[in-house]
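Asker: the sequence and its predicted three-dimensional model are supplied below.
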Amino acid sequence: VQLVESGGGLVQSGGSLRLSCAASGFNSGNYGIGWFRTAPGKEREEIGCIDNTNGRTRYSDSVKGRFTISSDNAKNMGYLQMNSLKPEDTAIYSCAAGFCAGSYFINWGQGTQVTVSS
């Protein structure tokens, strides 16, 4: 079982990035995919989750309206589209597989760095 994030990088404030989360070794369509970020000196924050069994999503207030979570179950992929990025969005972004209800996640990716310059 493995989750691998990609798509991170350096972007200017106001810009956009799309992160990908490639799942292998299990059918991600049977689970939820959560997205998290860890900013320097801060605790890990759950920024959203998609329940791949029904397509329902939820977002933290900090990213609602700017970030969009989606999945392609046929490809075993998850995506995090980030728009209107701000310097405070700078963090390591990770995906995890599990259950959105209760925020119970079983398997985690290593993360990808996103840096937003002002």
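Answerer: Received, thanks.
Asker: now for D72, how many residues are close by?
Answerer: D72: 13 surrounding residues under other CB atoms under 10 Å. For every residue, glycine as well, the C-beta is placed using N, CA and C.
Asker: for it, give the beta-bridge partners.
Answerer: On the basis of DSSP bridges, D72 is bridged to M77.
Asker: phi, psi of T90?
Answerer: Backbone geometry at T90, expressed as degrees, to the nearest 10, gives phi -60, psi 120.
Asker: that one contacts V116, correct?
Answerer: Yes - here T90 reaches V116: they are 5.1 Å apart, a contact under CB atoms under 8 Å.
Asker: ok, what's across the strand from V11?
Answerer: Beta-bridge partners recorded for V11 (DSSP bridges): V116.
Asker: so which elements touch the worst-scoring helix or strand of the chain on mean pLDDT?
Answerer: Least confident helix or strand, the chain: strand 104-108 with a mean of 95, by mean pLDDT, DSSP states H and E. Contacts defined by 3 or more CB pairs under 8 Å, 6 or more residues apart in numbering; DSSP states H and E place strand 104-108 against strand 2-6, strand 91-99.
Asker: please identify the buried residues of stretch 7-25?
Answerer: Residues G7, G8, V11, L17, L19, S20, C21, A22, A23 are the ones in stretch 7-25 that count as buried (16 or more other CB atoms under 10 Å).
Asker: the fourth one and L80, how far apart?
Answerer: Spelled out, that is L17. Distance, L17 to L80, using CB to CB, to the nearest Å: 8 Å.
Asker: likewise for the second one?
Answerer: Separation of G8 from L80 (CB to CB) stands at 10 Å.
Asker: between the two, what contacts are shared?
Answerer: Common contacts of G8 and L80, defined by CB atoms under 8 Å, 6 or more residues apart in numbering, comprise L19, Y93.
Asker: hmm, back to that, partner strands of the least confident helix or strand of the chain and their direction?
Answerer: Here strand 104-108 is paired, per DSSP bridges, with strand 91-99 (antiparallel).
Asker: residues in contact with the partner strand?
Answerer: Outside of strand 91-99, the residues within contact range by CB under 8 Å, 6+ apart are 1, 3, 5, 8, 19, 21, 23, 26, 28, 31-40, 42, 44-45, 51, 78, 80, 104-114.
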